[in-house]
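In: Kindly generate the corresponding structure for this input.
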Amino acid sequence: MYKTATCVLALALSFISVTRAQARIDRKAVVRRNDPHITEIDTLASLSVGNGGFAFTADVTGLQTFPETYSKGVPLGTQSQWGWHSFPNPEGYRLEEVLQDGYARQYSGDGRAARAANWLRANPHRLHLGYLGFYAMDIDKVSRIDQRLNLWCGSLESSFNYDGSPVSVRTSCNPIADQVIAIIHSPALVPVSLRFPYPTGQHSDDASAWDVDDKHSTEIIVTAQNRAIVRRTLDETVYYVKICWKHAEAPVLYGRNSLILRPTAAHWKISISFSPDEPDQSAGKFSRSVQAGSRFWRRYWRKGGIVDFGHCQDARAPELERRVILSQYLTAIQCAGTTPPQETGLTYNSWFGKFHLEMTWWHQAHFALWNHDEMLARTLPWYETVSDIARSIARRQGYAGLRWMKMTDPSGQEAPSNVGSYLLWQQPHFIYLAELLYRSRPSLELLERYESLVGETAVFLASFLKYDAEADRYVLSGLIPAQETLSASTTVNPPFELAYCRWALSVAQEWRERLGQERKAGWDEIIAKMSNLASKDGLYLAAESNPDTYENIRLTSDHMAVLASFGVLPDSPLFDKDTMLNTLDWVCANWNWDRTWGWDFPVTAMNATRLGQPEKAIDAILMNQRTNTYLPNGHNYQDSRLRCYLPGNGGLLTTVALMCAGWDGCTVKNPGFPEDGTWDVRWKGLKPMP
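Out: Residues are numbered from 1 along each chain as shown. A predicted model of the protein is given here:
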């Protein structure tokens, strides 16, 4: 107990030290000066409201009036953490049919194994719950657009002229229910429609098939004063939509899967609530829902970390502030549910709407560092619900403990993949996230709740590492590392995974000590005898098995994962800083940056910050590359397939926390910003990284 109390006191003193008195920050001014402001139709600039487990994305009308126009931009999604669907499986495909040596794989050709793998990858997929938009509106008659997302209140304020007549809409989301509220002013009494698509089951799209009306149905099962309940049926999936209105006629069906509501006054209101279960029949309280949303966002901005770049002289500072503020908003509405988020959040489907556990750290680690540990705390319990599946994955592959799946859905079912099934770096993520949560709210209760998952995750890592008796060391092999261009059959000792396994085992030992348990001697042996990072000519390699790293364009593209060994992770005896600095310099000067992903820039900036190279950190986090583009709505654009990429947003926030608050034992103020007088960065409420 003495050690636990000491840890709690040390963490508290550390937090106090990094939030030392600074000049007062006008939080509202910082937030509001970064409100997105849209004055023309831009299909990459759609704006969203949401609550972390539900989001509604709108076009310039404040509703979802033109989904077809926006489908190849940032689509107009209505998605939730619970809204999933599977196509019928008359062939009875099972996971066991795609296993090879215990790994769930994909297969080429059109044989049964290939068909089974394809079906399992595509099912279940995330649903688009329904489009709320103005009925039969002609996009060519929309003019004088003036739309602003009020970040401080979390509401979308839109005005425009339609065929010469003014229209205004205020759109908001209930913070504790999957409900969107629209307050509309339209002297021309423009009606609205609620249209329901069938899912496409495609890898990456807006999940909206409009030509298969016979495969799903929409029924109005309750109509009462100012409210109605709709039941949606898609194969075996059923969900409900509750519609409430003020100053409008009751909704009526047109066609098989669309509704229309006609206003009876210029100023009218509508709310749409989505639920997997039949809702109660109570009338909606519009003002209560809107006020609850506004209160939530004011508390959010006042409680969390804030960084004010308004006193900086560097011309890049305003853009960095814009990215930071919008990333705080987007991750709060897209990545803070009770299940891990998908890479495109709740906006549109990527990888069939499934989420990737190796990306969870990038989506959510920043919540704990920006004083929003309550958002991280929402998701971690999901791991408890799928631990039996994770245990079975490890067992069938011949390992002990828990092997967390890579590409999955709320059920925890593993999606077949010739890459994902062999990834390892999602394994230590749970330990890292649990540790961040503990650092934010140290308690015996939290330790006891997650000790089993932390311990069994460490058990798997220890069983996966192999002892090389000849060299008296532990090695990693049989995995595909974060740099996915490498092969599981030939890769030995990728640097990030080596350092990550050692760090995770060390933290698992700390958890045992906090609980008054003995350290595991076998883990200590692995920690002491872990292989060092392999190098050649003064540069760390992509893997010990790849001495040609810097002559091979395939290996100097994609992720520069070696830098995560000292950036995402703290210092380690597995490497020396001079060689790591040489590696950073080479990467900055020579990497194929046009082949990178959104989180590669944060990786580089974190490494540079820890190495005492703030100029390189700034250059990396703001590098002018396509995959480091942040759209007017704040989304990290990758390419025509991934117009949203939330790991980039989350990685940016984690990096800025490190650049400001540093890490355990760091004594440098704002270590990620040059001390040349151009970066007068002021912040509150951030916490140091490990």
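
In: switch to C-alpha atoms for all contacts and neighbour counts from now on
Out: Noted.

In: Can you give me the neighbour number for the closest residue to His311 other than its chain neighbours?
Out: For His311, ignoring the flanking residues on the chain, the nearest one in space by Cα to Cα, 6 or more residues apart in numbering is Asp680 at 5.6 Å. Counted by other Cα atoms under 10 Å, the residues lying close to Asp680 total 18.

In: OK, contacts around Asp680?
Out: Phe309, His311, Cys312, Gln313 (Cα atoms under 8 Å, 6 or more residues apart in numbering).

In: Looking at those, state which has the most neighbours.
Out: Phe309 (21 neighbours).

In: Now do the same for it: its pLDDT.
Out: Phe309 is assigned a pLDDT of 98 by the prediction.

In: For the closest residue to it other than its chain neighbours, list the residues it contacts.
Out: The shortest distance from Phe309 to any non-neighbouring residue, by Cα to Cα, 6+ apart, is to Val681 (5.4 Å). Counting by Cα under 8 Å, 6+ apart, Val681 makes contact with Val307, Asp308, Phe309, Gly310, His311, Cys312, Cys660, Asn670, Phe673.

In: Out of those, list just those in helices.
Out: Mapping these onto helices (DSSP state H) picks out Cys660.

In: Could you list which of the contacts of Val681 belong to strands?
Out: Using DSSP state E, the subset of the contacts of Val681 located in strands is Val307, Asp308.

In: can I get the contacts of Val681 in TSV with distance to Val169?
Out: Converted to TSV, these look like this (distance: Cα to Cα, whole Å):
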residue	distance to Val169
Val307	31
Asp308	31
Phe309	32
Gly310	31
His311	35
Cys312	36
Cys660	39
Asn670	42
Phe673	41
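
In: Closest to Leu326 out of the contacts of Val681?
Out: Val307 (12.2 Å; Cα to Cα).

In: these two touch, right, the closest one and Ala661?
Out: No - applying Cα atoms under 8 Å, one finds Val307 not in contact with Ala661, separated by 10.7 Å.

In: Who has more neighbours out of those two?
Out: Set Val307 next to Ala661 and count neighbours by other Cα under 10 Å: Ala661 wins out with 28 against 21.

In: Nearest residue to the more buried one in space, please, no chain neighbours.
Out: Pro688 (5.0 Å).

In: Would you report the backbone torsion angles of the one you found?
Out: Main-chain dihedrals, Pro688, degrees, to the nearest 10: phi -70, psi 150.

In: tally of neighbours for it?
Out: Neighbours of Pro688 (other Cα under 10 Å): 25.

In: any chance you could map the strands in the stretch 301-450 of the chain?
Out: For the stretch 301-450 of the chain, the strands defined by DSSP state E, counting those that start in this stretch occupy 306-308, 355-356, 407-408.

In: for these, which one sits closest to Pro647?
Out: The closest of these to Pro647 is strand 355-356. By Cα to Cα, the value is 10.5 Å.

In: Please name the residues that touch Arg403.
Out: Ala390, Arg391, Ile393, Ala394, Gln427, Thr457, Phe460.

In: Report the separation between the nearest residue to the third one once chain neighbours are set aside and Arg33.
Out: Across the structure, with Cα to Cα, 6+ apart as the measure, the residue nearest Ile393 apart from its sequence neighbours is Arg403 (6.0 Å). Here the criterion is Cα to Cα, to the nearest Å. By it, Arg403 lies 45 Å from Arg33.

In: So which residues of the stretch 451-600 of the chain form helices?
Out: 495-514, 521-529, 577-590, 600-610 (DSSP state H, counting those that start in this stretch).

In: Among those helices, show me which one is buried the most.
Out: Among these, helix 600-610 has the highest mean neighbour count (mean count of other Cα atoms under 10 Å), at a mean of 29.
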